[in-house]
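Undergrad: Turn this into a structure:
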Amino acid sequence: MKKGDKSPASQGLFIKRMATAVILINLFVIALSGLSLRRSLLQHEERAVVTAQNLSQVLERYISGAIDKVDVTLLAISDEIEKQVASGGIEGQKVNRFIARQCARLPELDGMRMADLQGNIIYGTDVTAGLKANIADREYFVRLRENPKARLVISKPVVGRVSGKWVIILARRLNKPDGSFSGVVYGVITLESFIKVFASIDVGKQGSITLRDEELGLVARYPEPGKVGSSIGQKTVSSEFLELVKAGRSSGTFHAFSKVDKVERTMSFRRIAGYPLYIITGLSTEEYLADWRDEALKTSVMVVLFFLVTLCLSLLGYRDWVRGKTAVQTMKENLETLVQKRTAELVVATDRAEAASRAKSNFLSSVSHELRTPMTSIFGFAKLIKNKMEADIAPRLDPGDKKAMRSAQQIRSNLDIIVSEGERLTRLINDVLDLAKLDAGRVEWHFDKTDLPEIVNHVVTLSRQQVESKGLSMNVELSNDLPPISADRDRILQVLLNLISNAVKFTERGGITIGACLHDREIIVSVADTGIGINAEDQDKVFDKFQQIGDTLTAKPHGTGLGLAICREIINRHGGRIWVESEHGKGSIFRFVLPLTSEKFSPEEELPQ
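TA: Numbers count the residues shown, from 1 in each chain. Here you go, the predicted model:
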């Protein structure tokens with residue numbers, strides 16, 4: 001046997017150990033990937049449930065509020081009519097004008113009308129001379145006529161006798177002075193108006209919003225499977241929804257497969273408070289899990305590639321082990337080969353390092369985006385926990401139980417810290433994301449004809465609470481001759497919000513003034529404060545990335561050091577410039593200039609300095 005030969009026993013042992021190592025490593029990677037995908041799936045499903053619940057709650061409040069407003073208006077009209085009846089008779093023109101004024105205040109309504117005790121429609125909107133429309137056979141008219149104590153009655157969908165549209169009726173009884181029936185006054189809401197409201201809610205291409213009556217009959221649905229009213233009264237509902245309603249639940253969430261359009265959805269329903277209606281929102285499982293399926297596919301591909309790589313490496317390792325280098329000359333040649341290989345790898349690594357430097361901004365953008373979603377969930381759930389504690393747990397605590405009260409206070413304090421730090425980290429992530437997008441040229445610019453005073457007024461509205469919470473005043477000084485400019489409205493809005501936020505941080509008394517004036521074909525915009533000011537040596541650094549210029553009195557830095565850098569990038573993209581004028585202890589004035597030309601700067605062009 002030659003010196004470099006290996007015995008069959010040693011070869012078999014080496015193969016077993018290598019195979020065991022490869023199998024264990026791959027099983028670990030598969031288990032870790034599976035656990036990660038499982039957690040990601042649960043997170044996607046939880047977000048879908050929360051979103052569906054929030055949408056149903058918003059719609060429930062909207063519909064309940066709309067019905068409340070209509071009911072209040074019906075009461076006002078009935079009081080006016082009953083007052084005229086008690087005074088000797090109804091003045092038709094006066095009643096028509098009064099009803100028209102009330103109806104005009106309610107965009108939800110298609111009309112408001114009055115019918116006499118025989119059901120003849122005699123007054124109201126769209127009621128013309130010679131109109132012969134009678135509602136005596138309507139179910140809501142009969143209920144009000146037969147029940148002197150009836151309150152607001154909401155009808156099932158019907159075709160309006162005046163408009164000819166599918167509508168629901170909200171009606172109240174009219175009484176004579178002796179309490180006997182004298183007619184009804186009612187408001188009309190078209191089913192189209194509900195569908196328009198539903199269409200404005202983003203539930204995805206396969207999502208749905210449904211309004212059903214107390215007997216679960218269909219009132220309105222978006223998207224509508226046919227013409228408006230084609231499926232009125234249809235009671236095909238999922239068994240999950242039916243069981244929750246039968247159990248007396250006024251709200252709930254469930255998963256169901258729709259028999260109407262064959263789509264699986266996560267559904268959330270709520271009973272309209274005080275009224276015989278249900279609102280149901282649904283998010284398509286296929287849509288909200290699309291990102292997760294992409295993630296699962298990519299992870300599976302990576303696992304397969306990892307397995308192939310480990311298999312190839314193990315085969316190569318086995319081959320090298322079998323060949324076994326036994327001679328000094330062979331070792332020298334291998335060493336020289338290895339040096340050459342490492343030199344080549346070093347060259348490749350150098351090239352990759354340069355490429356990595358160019359890809360830094362894209363990397364930061366992707367990582368920041370991936371961090372923002374879990375951070376939003378973290379402090380969002382912290383807020384939910386705090387609200388739950390304040391609403392349900394804290395009221396039940398015994399004020400005399402000091403230990404429990406201290407524990408509750410500590411929990412509140414910890415939750416406040418989570419929310420505060422979460423919001424702070426989210427702001428940092430957003431700033432990093434914006435800056436990375438600007439550096440990488442991935443920002444989409446929309447230069448349009450823009451009204452600067454409108455932007456300033458919007459900024460004032462958004463910032464007023466932040467300013468007034470510190471007891472500061474906010475002033476606006478705009479020239480009357482400001483022309484429109486060609487700019488990206490959202491980015492200019494972002495610049496002003498950043499400047500005002502900085503001003504609030506460093507101002508304890510006095511106020512903040514936003515100004516703008518026209519000068520030599522340019523608009524100069526300023527944000528001035530009465531804060532602590534900036535030292536002269538720091539003024540050249542405030543627009544640098546990650547530069548935190550702190551409170552010069554307390555030497556404590558604030559913020560992320562990115563806001564002003566982002567402002568400079570945005571203004572440069574507009575062909576303008578930004579600078580600061582400040583005196584220590586006497587406040588600061590940040591000014592930026594926007595040209596009136598329509599010139600746009602693409603990410604590839606050299607930016608003005």
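
Undergrad: what residue ranges in the stretch 501-609 of the chain are flagged as low confidence?
TA: For the stretch 501-609 of the chain, the stretches flagged by pLDDT under 70 are 546-561, 597-609.

Undergrad: cutoff 90 now
TA: 501-503, 505-506, 508-509, 519-522, 531-569, 572-575, 582-587, 595-609 (pLDDT under 90).

Undergrad: for it, what spans make up the helices?
TA: Along the stretch 501-609 of the chain, the segments classed as helices by DSSP state H, counting those that start in this stretch run 563-573.

Undergrad: Need the three-state assignment for residue 465.
TA: helix (DSSP: H, G, I helix; E, B strand; the rest coil).

Undergrad: neighbouring contacts of stretch 113-131?
TA: Contacting residues not belonging to stretch 113-131 are listed as 77, 81, 90, 92, 95-96, 99-100, 103, 111-112, 132-138, 141, 145, 161-163, 174, 181-186, 188 [Cβ atoms under 8 Å, 6 or more residues apart in numbering]. The C-beta positions use only the backbone N, C-alpha and C, and glycine is treated the same way.

Undergrad: Averaged pLDDT, it. What do you get?
TA: Averaged over stretch 113-131, pLDDT sits at 89.

Undergrad: same thing with stretch 154-167?
TA: 90.

Undergrad: got it, and stretch 410-418?
TA: 73.

Undergrad: Likewise for stretch 347-359?
TA: pLDDT averaged over stretch 347-359 gives 62.

Undergrad: Let me see the contact set for residue 206.
TA: Residue 206 is in contact with 261, 263, 265, 284, 286-287, counting by Cβ under 8 Å, 6+ apart.

Undergrad: quick one: the helices in the stretch 301-450 of the chain?
TA: Using DSSP H, counting those that start in this stretch, helices in the stretch 301-450 of the chain cover 328-358, 360-388, 402-440.

Undergrad: right, I mislabeled it, should have said the stretch 1-150 of the chain
TA: 8-86, 92-104, 139-146.

Undergrad: Out of those, which is closest to residue 505?
TA: helix 8-86 (31.6 Å; Cβ to Cβ).

Undergrad: Would you mark the buried spots in stretch 97-110?
TA: 98-99, 102-103, 106, 108-110 (16 or more other Cβ atoms under 10 Å).

Undergrad: hang on, the earlier thing: for the contacts of residue 206, pick the one with the most neighbours.
TA: Greatest neighbour count in those, by other Cβ atoms under 10 Å, goes to residue 265: 28 neighbours.

Undergrad: Okay, and which of the contacts of residue 206 map to strands?
TA: 265, 284 (DSSP state E).

Undergrad: would you turn the helices of the stretch 1-150 of the chain into TSV with mean pLDDT?
TA: Output for the helices of the stretch 1-150 of the chain, formatted as TSV (pLDDT from 0 to 100):
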stretch	mean pLDDT
helix 8-86	90
helix 92-104	90
helix 139-146	94
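
Undergrad: out of those helices, deepest packed?
TA: helix 139-146 (a mean of 17; mean count of other Cβ atoms under 10 Å).

Undergrad: So which other helices or strands are in contact with that one?
TA: strand 153-154, strand 166-175, strand 181-190 (3 or more Cβ pairs under 8 Å, 6 or more residues apart in numbering; DSSP states H and E).

Undergrad: What pairs with the last one, parallel or antiparallel?
TA: Sheet neighbours of strand 181-190, with direction, are listed as strand 111-116 (antiparallel), strand 166-175 (antiparallel) (DSSP bridges).

Undergrad: so who does the residue nearest to residue 257 when sequence neighbours are not counted touch?
TA: Spatial nearest neighbour of residue 257, excluding adjacent residues (Cβ to Cβ, 6 or more residues apart in numbering): residue 264 at 4.9 Å. Applying Cβ under 8 Å, 6+ apart to residue 264 gives the contacts 255-258, 284-286.

Undergrad: Okay, buried residues for stretch 459-470 please.
TA: 459-460, 463, 467.

Undergrad: Okay then, goodbye and thanks.
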